[in-house]
Structure formats: structure tokens, C-alpha cells
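Visitor: the amino acid sequence is not available; the structure is as follows:
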Ligand code: G16
């Protein structure tokens, strides 16, 4: 046994793996019933230490959260040194170690990884970690702390913060003292950085009305209040609803971004009035959606696609005003993007757009290839990246007029306002607010850019979601055999129809997406595809019905 792993078996024995569960690192790490994750979280601690050693002692992050999922669930994911999601080749290691059946095997796997990756085990590993407000959080946190102790990790506990805050801290810790220094690695530093960038953009403009925030009864509630205290300006006047992080059974229930997107309805605790401005976070505040009601009381959703087009347009216009020619703005979307948004980006905005698989980790890598890459999933999860070449271009650009100089300054301020490590509800909210204030727009004016095709997202519970395999950025099923042909036949019946089926990477369910020319046709398509999935692929529980 390698001496570096001398304590692992002993600690591991305290956190035995449940024999009947196979764990898999999915869309956003491991996610399942919280109490079953003790061994997995412990082992993620071990692996984070090894990952840090493989990066010469740079800090690796660990977040314990199940974000939009039900309160009984929990999850864990690793964060790489620049605050980005864990490199994909290591996801396999996570799955492998999570499923080791004995303590000796855990040690063996660590040794194998260390050898395969040529890791210097004398390096002191560093890990920063945090959790959200879930009831299983304390149990999992102590399992994690055992994993870190077993590997003699130099560890920093950030307590209860949002997922994007932890990503931010990791990036700050690893860039400290370098030319890419990102900020101060603490909560005050986070609020200061984003608050100041926001005020730089909006000062002197007309004040907006109050923004009502549905915090999903999650960690976003206390954190957004601290953000408002730090900003301390009438430019950020908020009223936070769904703030109960103490009472069991409230997190994400009838509220939060996932509820609002799936039900296309305001959350509990928010009464819409026609001129009101509203947004929802999800349980760990990495997603955000806006919405409003018109004079007739009709609900209008401004989802991730609308945020993406708002931000991309604003950036494109600033680049044009600055007179910078070689700075392209591009947009990354997933199959869930509304067809109208994609057409608008291509045909009206004339911006380059590419598709990635579901999961911000996939979109992030596509956006990195663009000068300025705007990426948002329709569910409201996303951010903007300025790549190294864009930063150089901006640095070297010499403005020829005060108007150009102002546009360049605004581009810098926008970059400071963006959490480039990961999608972040609070930073994205400030970004949207800043753009709306600068344009003097209401939510209805923002919504006018294009009209969404009616869409519907359904969940079907099946016996085994692992039999669902996809290709073509998850828009085409290759398994179960024959099911894609059924989806195609159903879709062909509806004007502007589009539908696809994919297994969720965060919940034990299969997702069905559909859009079509009218609300009625869209719902007919969605429910007929969901029904076919249920009938032909081992549906469990209630058959989906309108
Ligand atoms: C996570 C991912 C998102 C993804 C979502 C749903 O969100 O970070 O990128 O869109 O899961 O994934 P799936 O459809 O595979 O279940 P969150 O907010 O739960 O972290």
C-alpha cells in the first residue's frame, strides 16, 4: 500500500457503500437520495485530494448539493482549479471509486489513478468545500471531512453558500497573486466584486422598480439579501420570497426556477401584477428565470434563451459601438432551446450559434472556443466567457472617440459582472438588471424580441433509464430500438413540431421535450411522445396524461 493512502482504509470503513446501489457521475456530479451518498461523498473527498495533487497542489472544490432536485436528494460534485466543472476524464474515476465494494479496493483504485496520472503524492492537497441547506447536508459534510482527513488535506470549509459562490472562491484561490487574479476568496469579496461592477454600469441611469425574487426556499435566500446589503443602492431594490430554509419539505416545492420553467406558472408566494418584475432562482442559486404578467393576467416566461439573446445582443452592440472588428460574439445552446430563439440568433442577430449536450459543462467548453461566448440552457443555467484572445484584443484596442472609449469601459465592466467560472443566478441577475436599466426596458419590452413557440417539458419515470441512449446532441434516440421512429412519426403530424427524449443525468427519470405551432398541438405532441415512452420502454407509476 502507498504510504500516502495509509489512513484511507480505516476511515473508509466508517462509510461503507450501500451494496445495492450503483452510483454514476451524471450531468452535474452524483445525485440521488441524500442518506445513500455517505460513502460517495467520502470517496469524492479522497479523489479531490488526488486531483489537487495532480494539479501541483492547486485548490479543488467540492460542493454538496442537489440543486433543483427534491429535498430528500443530495449530490456532490468536484470543481476544477479555474472554478470550472471537473475535467471529464476524471468523471470516470469518480464513478469507479464510488462503486468500489471494499475498503481495500478504494485504496487500490487511488493507487491506480495516482500511477496512471503520474501524480506526485508528496504534494500537499488543497480542497475548498461547501454545502447547501438540505437536511442531509451535515451528515454528508462529516463524511467529506473524513475523506479529507484521510488524505491530510489542507481544507477550507466555506459553510453554507450557493454553488456558484464556491466555484468563484476556487477560482479566486487559484489565481491569487497572478495576472488573472479573480477576486477575494470570501463572501464579502464576492458581493463587492459583483456589486461594484453592477454600479459601474448603471449609475446615472433611471432607477428600476423593485425586483421580486423567488429564492426556492434555498441557499439563495440569505445570500441574495447579503448581496443587496453590500450593494446598498436603490438600483438594486429587491423583495425576496420563498426564503424558508429551515422548515422541512419546502425546498424547491411549488417554487424555484425548475418549477416555473416546467409549469410555466408563477411560484407559490408570488402574486403577479401587470407592471411587476419577477425572477426565480433554483435551490442552490445557479439558475435564474424572469417572468411577468400582461394586462390580461397572462403569464410570460423569460427563460435562459431570452437571457442569452438579451446579453448577446447587448454585447454585440457594444463591440460594434467600440468599433472593434475582430471580436466575435457567439451563442451556445442545447436541444432544449426554443426553435424561435435559434432562428432569431441566426437570422436577426446574425450571430454564430452552436449546439451542445445538456449540462453546462458541455456548453462551457463550446463557449471557450468563441471570442465572447454566451451560453445559457433554456432552464436558466449559463454565463458568458471572454476568451484569452478577446481579453487581449480589448487590452490592445485604442479607442478613437469618447463613444468608443465608453463602450470599451462598459465591456470591461460587463466582464467583471459575469461569473466566468459557472452559471450563477445572482451574477446573471445583476447582468440582466444592468442591461435592462441601461436600455430603460421593462420585461415586456425585453420579451418583444421574438415570440417563443409553445413548448412543454415532461418527465416519465421508467424501470431503467439507462436503456435510453442518444446521439445528435441528445436529439435522437439510438436505444430503445424503434422508439425514435415512433417519436418521428408523432412529430411529423404537427406543424413546426419538434420533440426529443433523453435520460436525465440528475433525476431518476426520462425527459420529454416538445414544441409546436400552437399550445394545444404542443401539448398533444408532448403527451403522445411521453405516452409512447411509458408504453414501450417500461413506464412506472402513472402514465403521463394531459
Ligand atoms: C443540472 C446541470 C444543468 C442541467 C440540469 C438538468 O442543473 O447543471 O446543466 O441542465 O442539471 O440536467 P438533466 O436534464 O440531465 O437532469 P442543476 O441546476 O440541477 O445543477
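Guide: Thanks, I have the structure now. Source: prediction; values computed, not measured.
Visitor: interface residues of the protein facing the ligand?
Guide: 27-28, 67-68, 282, 286-287, 358-360, 377, 379, 381, 504-507, 511 (CB under 6 Å from any ligand atom). Every C-beta, even on glycine, is put in place using the N, C-alpha and C of the backbone.
Visitor: state the distance from the residue in the stretch 101-250 of the chain that the ligand sits nearest to to residue 481.
Guide: Closest contact between the stretch 101-250 of the chain and the ligand, by CB to the nearest ligand atom, is at residue 163 (6.9 Å). Residue 163 sits 38 Å away from residue 481, taking CB to CB, to the nearest Å as the criterion.
Visitor: which residue lies nearest the spatial centre of the protein?
Guide: By CA atoms, centre = their mean, the chain has its centre lying nearest to residue 381, at 4.2 Å.
Visitor: isn't that residue up against residue 305?
Guide: No: in terms of CB atoms under 8 Å, residue 381 does not count as a neighbour of residue 305; the distance is 11.8 Å.
Visitor: residues near residue 104, how many?
Guide: Residue neighbour count, defined by other CB atoms under 10 Å, stands at 13 for residue 104.
Visitor: give me the element it is part of.
Guide: helix 103-116 (DSSP states H and E).
Visitor: residues contacting that helix, please?
Guide: 1-2, 4-5, 8-9, 12-13, 43, 46-47, 50, 53, 93, 96-97, 100, 119, 121 (CB atoms under 8 Å, 6 or more residues apart in numbering).
Visitor: mind listing what's buried in it?
Guide: Going by neighbour count (16 or more other CB atoms under 10 Å), the buried part of helix 103-116 is 103, 105-107, 109-111, 113-114.
Visitor: want to throw those into JSON lines with pLDDT?
Guide: Shown next, in JSON lines, are the buried residues of helix 103-116 (pLDDT from 0 to 100):
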{"residue": "103", "pLDDT": "97"}
{"residue": "105", "pLDDT": "97"}
{"residue": "106", "pLDDT": "98"}
{"residue": "107", "pLDDT": "98"}
{"residue": "109", "pLDDT": "98"}
{"residue": "110", "pLDDT": "98"}
{"residue": "111", "pLDDT": "97"}
{"residue": "113", "pLDDT": "98"}
{"residue": "114", "pLDDT": "98"}
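Visitor: of those, closest to residue 85?
Guide: Nearest to residue 85 among those, counting by CB to CB, is residue 113 at 18.6 Å.
Visitor: okay, the closest one and residue 106: tell me how far apart.
Guide: Going from residue 113 to residue 106 by CB to CB gives 11 Å.
Visitor: need the three-state assignment for the residue in the stretch 51-200 of the chain that the ligand sits nearest to.
Guide: Using CB to the nearest ligand atom, residue 67 is the residue of the stretch 51-200 of the chain that sits closest to the ligand, at 3.3 Å. Per DSSP: H, G, I helix; E, B strand; the rest coil, the local secondary structure of residue 67 is coil.
Visitor: pLDDT at the residue nearest to it when sequence neighbours are not counted, what is it?
Guide: Distance criterion CB to CB, 6 or more residues apart in numbering; nearest residue to residue 67, sequence neighbours excluded, is residue 284 at 4.5 Å. Looking at residue 284, its pLDDT is 98.
Visitor: residue 284 contacts residue 132, doesn't it?
Guide: Yes: with contacts counted by CB under 8 Å, residue 284 reaches residue 132, the gap being 4.8 Å.
Visitor: domain map for the chain?
Guide: If you go by automatic domain parsing, the domain ranges for the chain are 3-160, 188-301, 304-422+437-447, 455-536.
Visitor: what is the helix or strand harbouring residue 32 packed up against?
Guide: Element membership for residue 32 (DSSP H and E) is strand 30-33. When contacts are defined as 3 or more CB pairs under 8 Å, 6 or more residues apart in numbering; DSSP states H and E, strand 30-33 packs onto strand 73-79.
Visitor: ok, and what's touching the strand it packs on?
Guide: 28-34, 37, 40-41, 44, 47-48, 51, 60-67, 69, 85-86, 90, 94, 134, 136-137, 140, 144, 166-167, 170, 421, 506-507.
Visitor: chain center to the helix or strand following that strand: distance?
Guide: On the C-terminal side of strand 73-79, the closest following helix or strand by DSSP H and E is helix 88-98. Taking CA atoms, centre = their mean, to the nearest Å, the mean C-alpha location of helix 88-98 is offset from the chain mean by 20 Å.
Visitor: how about helix 88-98: buried residues?
Guide: Here helix 88-98 shows 90-91, 93-98 as buried, counting by 16+ other CB under 10 Å.
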